[in-house]
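Asks: Show me the folded form of this:
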Amino acid sequence: MLSAGAQAAPVAEAAPDWEQELYTVHDYDAARDPAVDLALTLERATAEKKTVLLVIGGEWCVWCKIFTNYVASNEVVRGELLDDYLIQKVNFSRESPNEAFLSAYPEADGYPYFILLAPDGSLLTGQEPGSLEDGRSYDQDKMLTFLKKWAPAP
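Replies: Model prediction:
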């Protein structure tokens, strides 16, 4: 029971179900081992027959946050992602550049940087998403075209 002046501690909100379904790693966390995360992501991608979207970036990256918010707010793009993709965020920062992990993939020329992998882990493509942008967001038609191009075959 709380005394008259005491306040209850705020309750942390649970992530929406779609976030848990779509993201295998939701945050850019310098303490995580992306190779361990990828092994688990590929295991799930194989079972679910989905393409893996590695999103390379960090909490310092404005466009990384814009992409996360875009996925959360655009139901059409989120639906395509939920149908055919698993997203794993990979931290890239001064504290944790993850050079050994990232050296196996095309070099990023901007952030976020997208790396798409088949469920078996083979590289499909690397993509700097600037061509998918529209103002301070992403273009839905361009994003859907990109995602459908790299989705697993039915």
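Asks: Flag the shaky bits of the chain, pLDDT-wise.
Replies: For the chain, residues meeting the criterion pLDDT under 70 lie at 1-15.
Asks: Show me the longest helix that occurs in it.
Replies: Under DSSP state H, the helix in the chain containing the largest number of residues is helix 34-48.
Asks: Buried ones in it, by neighbour count?
Replies: Residues 34, 37, 38, 41, 42, 45 are the ones in helix 34-48 that count as buried (16 or more other C-beta atoms under 10 Å). Every C-beta, even on glycine, is put in place using the N, C-alpha and C of the backbone.
Asks: do the same with stretch 48-57
Replies: Neighbour-count burial for stretch 48-57, counted by 16+ other C-beta under 10 Å, picks out 50, 51, 52, 53, 54, 55, 56, 57.
Asks: where's the residue nearest the centre of the chain relative to residue 94, distance?
Replies: Nearest to the mean C-alpha position of the chain, counting by C-alpha atoms, centre = their mean, stands residue 87 at 3.9 Å. From residue 87 across to residue 94, the span is 24 Å (C-beta to C-beta, to the nearest Å).
Asks: Check residue 62 too.
Replies: Distance, residue 62 to residue 94, by C-beta to C-beta: 17 Å.
Asks: next one: residue 29
Replies: 15 Å.
Asks: on that earlier part again, select from the buried residues of stretch 48-57 every entry located in strands.
Replies: 51, 52, 53, 54, 55, 56, 57 (DSSP state E).
Asks: Tell me the one of these nearest residue 17?
Replies: Distances from those to residue 17 were compared by C-beta to C-beta; the smallest belongs to residue 53, at 18.9 Å.
Asks: contacting residues around the closest one?
Replies: Counting by C-beta atoms under 8 Å, 6 or more residues apart in numbering, residue 53 makes contact with 81, 85, 86, 87, 88, 114, 115, 116.
Asks: and with 10 Å instead?
Replies: Under the criterion of C-beta atoms under 10 Å, 6 or more residues apart in numbering, the neighbours of residue 53 are 22-24, 41, 45, 81, 84-89, 114-117, 124, 127, 147, 150.
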